[in-house]
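> Sequence plus the predicted model coming up.
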Amino acid sequence: MPVNPMNRREFVQKSAVTGAAVAVAGTLGTGTAEAAPAKPECKPRTWSFSILGTTDLHSHVFDWDYYTNAAYKDSKGNTYGIARIATLVKQLREQKGEDRVLLVDAGDIIQGTSLAYYYANVDPITGKDGKRGPKHPMAVAMNEMRYDAAALGNHEFNYGVDVLRAFERQCHFPLLGANALDAKTLKPAFPPYTVKRIKVPGAPDIKVGILGLTNPGIALWDKDNVSGKMVFPGLVEQAKKYVPRLRALGCDVVFLTDHSGLDGSTSWGDELPYVENASNLVAEQVPGIDAILVGHTHVDVPTYTVKNEETGEDVLLSEPYCYGYRLSVFDFELELVHGCWKITSKTATTLNSNTVAEDDKITELLTADHELVVKYVNTAIGTSTVDMSTAEACWKDVPAIDFIHEVQMETVKAGLSAADAALPLISVAACFSRTADIPKGDVTIRDVAGLYIYENTLYGKKLTGAQLKDYLEYAAKYYHQVPSGTAVDTATLTNANSFWDYMYDTAAGVSYEIDIAAAEGSRIKNLTYNGAAIPDDQVFVVAVNNYRANGGSGYPHIAAAEAAYSSTNQVRDLMIAYATAKGTIDPSTFAATNWKLTQDGTPVF
């Protein structure tokens, strides 16, 4: 989730550390002691090396959008994909020297595209029917590129631990997670760190310790996959344990790869005692760190410095934009002083992948996998009677989101006990993409995947009428306040409070208005069920995805609410199954305008 890149400080290079020869007094025979001639000062040996960093690749191999079935295109001329990053890496190795470059990732590798979904579910890397599974395309690409290490991202756990372990076995580099612990032993479930050596002719190796830290939010977001298996303490807490260990091992440079943003924010309220975006706090509170590759927040921060509170030393951070849009480049210069390597300069920047072509070797290795997935996602699964777009879904009740609501409610209803089936059933869901479209006519797998891009599963949770109102009030902080009589501009209406689209839920099954002229906390008006006001103690079953049900985005009440239903089936799969079974998606059978924006009671649209 995006970070606010305000208050950035420019990096200031440190002054060089120099050594000096020492004049030693000696005795010449039995005569008078005289000072020995001063030896000429020896200039310390210097060396440089670089660490290249990617993050949040989300299985973007090529510059291809599986949801639109076309090459990626945006107004800024960006491109993405690890195939282009591979070209940048080759160029930098040629420029700087093969033995002077390390390559590291900060997590979220195996989820995010139809390619990732295919190799987790359709032809899983874990194998099926007794057959050995295929190689994951990201493992193939990253092995070819000779990655040295990668941190675990929270989305690594979306498909379950078995898929993650299968991916780990296929990688020729360690997946690091110093704060991913076995729930029973509290010992690391993955390697906490790795130590790499930069060879220096005629001098000691430069030892680089790479510590990997993942996001504590995994305990919430993928609770169903990790509960009882792993626990995820805070980044600061674990860095304080392992950074001194790396220094004790003689590491000249300590480099962290954190799947955690750098603004100190948290999306889950009080559900966990740890900070979600803690890289800046790690830099401030843990002495002995030289630089941090940051991930998780999908922003481009070429260079950022944080002063350590204990030592006063500057810690250098960089976060490259997600999907392979950018590559971070950390450059280090060192001097050998009294037999020890000391950093004299460190800088960071990001490079744009749109300056290069896709790497020929990656293209050769993975084109067949890519084409297989393209064929799969273009499989027709039914038809739609109308076009359903999400272009206005963030401020209007549209049929495309009602399609999600319909599938969620139909699924939960079928799985409720007799007692719970007597309760009123509603649904909450978000618009994950403003460019999704279910076309009139043939509907393909990619059309549905473009509407529901996450691997969420489904819950039914019980909320009272009062709790439901709190839930919707929390969602309504998504809108900026626009006083009555003031024109509403949709370009500036949404995403108040850094509340991003995927965090904003609308509800189906109840009717309500959101008064954007009102202050936050008092915006939900005329909340009704079947035309009647809702009593505070009325109990509802709420169809909701697992991310939200387990505390994602910090909604009130929902995480602690009693579960009436749960399933391991992904919502996207349920939507595909619905379209396949029905044959035709007909919004006239489920779509209804049950919520709207108002200003002091006057409809905005």
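Perfect, I can see it now.

> Now do stretch 372-386: distance from first to last residue.
End-to-end distance for stretch 372-386: 29 Å, by CA to CA, to the nearest Å.

> any idea how far Q408 is from the closest residue to Y452 other than its chain neighbours?
Residue nearest to Y452 in three dimensions, not counting chain neighbours: R572, with 4.4 Å by CB to CB, 6 or more residues apart in numbering. (Each C-beta comes from the backbone N, C-alpha and C, glycine too.) Note on R572: its distance to Q408, by CB to CB, to the nearest Å, is 12 Å.

> more neighbours, the two?
Taking neighbours as other CB atoms under 10 Å, R572 and Q408 compare with Q408 leading, 26 against 22.

> Extract the CA atoms of the helix or strand hosting the more buried one and return them as CSV.
Taking DSSP states H and E as the definition, Q408 sits inside helix 399-415. Extracted in CSV, the C-alpha atoms of helix 399-415 (Å, rounded to 0.1, in the frame of the first residue of the first chain):
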residue,chain,number,x,y,z
PRO,A,399,-23.3,-4.0,-11.7
ALA,A,400,-19.6,-5.2,-11.9
ILE,A,401,-19.2,-5.0,-8.1
ASP,A,402,-22.7,-6.3,-7.7
PHE,A,403,-21.5,-9.4,-9.6
ILE,A,404,-18.9,-10.0,-6.8
HIS,A,405,-21.6,-9.4,-4.1
GLU,A,406,-23.9,-11.9,-5.9
VAL,A,407,-21.3,-14.7,-6.0
GLN,A,408,-20.3,-14.1,-2.4
MET,A,409,-23.8,-14.1,-1.0
GLU,A,410,-24.9,-17.1,-3.1
THR,A,411,-21.9,-19.1,-1.9
VAL,A,412,-22.2,-18.2,1.8
LYS,A,413,-26.0,-18.8,1.8
ALA,A,414,-25.4,-22.3,0.5
GLY,A,415,-23.0,-23.1,3.3
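
> helix or strand right after that helix?
Moving toward the C-terminus from helix 399-415, the next element (DSSP H and E) is helix 418-421.

> Okay, buried residues for that next one please.
For helix 418-421, burial by neighbour count (16 or more other CB atoms under 10 Å) applies to D420.

> before we move on, what about stretch 144-159?
When burial is assessed from 16+ other CB under 10 Å, stretch 144-159 yields the following buried residues: 144-145, 147-159.

> Break this structure down into its domains, please.
Using automatic domain parsing, the domain ranges for the chain come out as 49-373, 379-603.

> Next, the distance between the ends of the longest one.
Its start and end residues considered, domain 49-373 measures 39 Å (CA to CA).

> what about that domain, distance to the chain center?
11 Å (CA atoms, centre = their mean, to the nearest Å).

> what does stretch 494-506 give?
17 Å.

> Can I get it in CSV, CA atoms only?
Taking C-alpha atoms only, stretch 494-506 is exported to CSV below (Å, rounded to 0.1, in the frame of the first residue of the first chain):
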residue,chain,number,x,y,z
THR,A,494,-11.4,9.5,-3.2
ASN,A,495,-8.4,8.0,-1.3
ALA,A,496,-8.6,10.4,1.6
ASN,A,497,-6.6,9.3,4.7
SER,A,498,-4.3,7.2,2.4
PHE,A,499,-7.3,4.8,2.1
TRP,A,500,-6.7,3.1,-1.2
ASP,A,501,-9.3,1.6,-3.5
TYR,A,502,-8.7,-2.0,-2.4
MET,A,503,-9.4,-0.9,1.2
TYR,A,504,-12.8,0.6,0.4
ASP,A,505,-15.8,-1.7,0.9
THR,A,506,-19.3,-1.2,-0.3
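
> Need the contact partners of it.
1-2, 4, 265, 267, 394-395, 397, 401, 428-434, 454, 471, 475, 477-481, 544, 548, 553, 555, 595 (CB atoms under 8 Å, 6 or more residues apart in numbering).

> Just the buried ones from those residues, in ChimeraX syntax?
Under the burial definition 16+ other CB under 10 Å, those of the contacts of stretch 494-506 that qualify are selected in ChimeraX by:
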select :1,265,267,394,395,397,401,428,429,430,431,432,433,454,471,475,477,478,479,544,548,553,555,595
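
> So which of the contacts of stretch 494-506 sit within helices?
401, 471, 475, 548 (DSSP state H).

> ok so, going back, which of the domains of the chain is buried the deepest?
domain 49-373 (a mean of 21; mean count of other CB atoms under 10 Å).

> Which strand or helix spans the residue most central in space within the chain?
Geometric centre of the chain, nearest residue: H296, 3.5 Å, by CA atoms, centre = their mean. H296 is part of no helix or strand, with elements assigned from DSSP H and E.

> Just confirm it contacts G261, I think it does.
Yes. If you go by CB atoms under 8 Å, H296 and G261 touch, sitting 5.1 Å apart.
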